[in-house]
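Asks: Okay, here's the prediction I keep looking at, along with the sequence it came from:
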Protein chains: 2
Amino acid sequence: MTDTRTKLAIEAGFLFQQKGYHGVGLAEVLERAGVPKGSLYHHFPNGKADLALAAAEIAAREVLRIIDASFDEADDYTDGVTTFCYKLAKYFDIHEGKIGCPVSATLHGGPDNAAFREALSGIFARWMDRISDHAQRLGQSPDEASSAAKRLFLSLEGSWTLARARSDSNVIRELPALVC
Amino acid sequence: MTDTRTKLAIEAGFLFQQKGYHGVGLAEVLERAGVPKGSLYHHFPNGKADLALAAAEIAAREVLRIIDASFDEADDYTDGVTTFCYKLAKYFDIHEGKIGCPVSATLHGGPDNAAFREALSGIFARWMDRISDHAQRLGQSPDEASSAAKRLFLSLEGSWTLARARSDSNVIRELPALVC
DNA sequence: CCAGCACTAGACCAATCGGTCTATTCATGC
DNA sequence: GCATGAATAGACCGATTGGTCTAGTGCTGG
């Protein structure tokens, strides 16, 4: 039994990830969450923008969780990257190939608000930092780890885009061979 | 003196690249192009979708042109990639950091139309093929060239995303050091 | 000079947009 | 049992959406 606020953010997240900020109407979010409009503006006083930020934050934490789950039981960096990519590809398949990077899909194309951009680049930084931490723990030097993390992140964003265009998650699965 | 159809596609392209398909209203396109609605539906009978496809096609050709201009006078592959990235970063700066990949910004988040997805993945394939051709011409084996092109394309898409989030084109300029 | 067609021009439309507002229900502390 | 604030419920709003339709304009071949 998730509370109303969370349910709204999660449903909104799914929709934003597929159709982008402007592509989703509040009516659709409300219907899927089974929640009336009054509740939305009670929990998110700034309306749609608040909702998108909350949705992105949830998706961002979920990705962090997947990063940890992948690297925690890895023998070396390449091993962790491989597990990570396979998990993401599976996540992509579950949503029928309609999904890009859950965060950039939600926040890009939204209002060109400074708050949006900062949230977005902050989330990206957290991801890269976390990957870099794991790389160091698995034996890489700080410099190696940092650029490996950046290389992985950048090409992962690209893979999400290409996978979506092709409706095919294999691009993501081929990533470890390409960047490690 | 560009004709009305082209003017519409170009103006629409700028807007789509910044705000995405659903983020742009026809009224805004019409106003910026200084063209009445009747003309739009004369030149693009299927309306907004046609317009987006035409805009993406123009942007795609422009990128191909930049690829050629960068690699034609390059001594080796790394040299070509560097020139290419610098040109793109400059293009990014000209548009005040509001722009992502001109094609994915236009077509992603649009109708989940099969035509859109095919156009998108076709354009991406053309870019990668062209880069791969140049890499081979500059001495790489077909396999090397193909995976180098893919590596460049994927991380370039990611760089566009990150550059936009940070409003900073340096990510793009640092790309050659990261992927070559 | 005029018939025909490509094109421009913009009024108009139903549908949907994000957002506001009031009324009601529910839970909780006294 | 009652008061209070949180939360739900949804009617309602003006603005804007993409799209249609009718008029009018201007070029071109005969």
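Replies: Alright, I've got the coordinates.
Asks: And the residue of chain A most remote from its centre, how close does it get to DNA strand D?
Replies: What lies farthest from the middle of chain A is A:Gly38; by CA atoms, centre = their mean that is 28.3 Å. Distance, A:Gly38 to DNA strand D, using CB to the nearest atom of the strand, to the nearest Å: 2 Å. For the C-beta atoms, the positions are set from N, CA and C on the backbone; glycine is no exception.
Asks: Next one, pLDDT for that residue please.
Replies: At A:Gly38, the pLDDT value in this model is 97.
Asks: contacting residues around the residue nearest to the spatial centre of chain A?
Replies: Taking CA atoms, centre = their mean, the centroid of chain A lies closest to A:Pro102, which sits 3.6 Å from it. By CB atoms under 8 Å, 6 or more residues apart in numbering or on different chains, the contact set of A:Pro102 is A:13, A:17, A:56, A:59-60, A:62-63.
Asks: how about 6 Å then?
Replies: A:Pro102 sits next to A:17, A:59 when contact means CB atoms under 6 Å, 6 or more residues apart in numbering or on different chains.
Asks: Need phi/psi at it.
Replies: Per-residue torsions, A:Pro102: phi -60, psi -30 (degrees, to the nearest 10).
Asks: Pull up the gap between it and DNA strand D, please.
Replies: 24 Å.
Asks: what's the answer for A:Ser155, then?
Replies: 33 Å.
Asks: Next, the contact list for the residue nearest to that residue when sequence neighbours are not counted, please.
Replies: Nearest residue to A:Ser155, sequence neighbours excluded (CB to CB, 6 or more residues apart in numbering or on different chains): B:Leu154, at 4.0 Å. Taking CB under 6 Å, 6+ apart, we find B:Leu154 in contact with A:155, A:158-159.
Asks: tell me which element B:Leu154 is part of?
Replies: helix B:142-166 (DSSP states H and E).
Asks: now that helix against helix A:142-166, angle please.
Replies: 100 degrees (axes from the mean of the first three to the mean of the last three CA atoms, to 10 degrees).
Asks: need the next SSE after helix B:142-166, C-terminal direction.
Replies: Next along from helix B:142-166, by DSSP H and E: helix B:170-173.
Asks: so for the helix or strand following that following helix, what's the average pLDDT?
Replies: Sequence-wise, the next helix or strand downstream of helix B:170-173 (DSSP H and E) is helix B:175-179. Helix B:175-179 carries an average pLDDT of 97.
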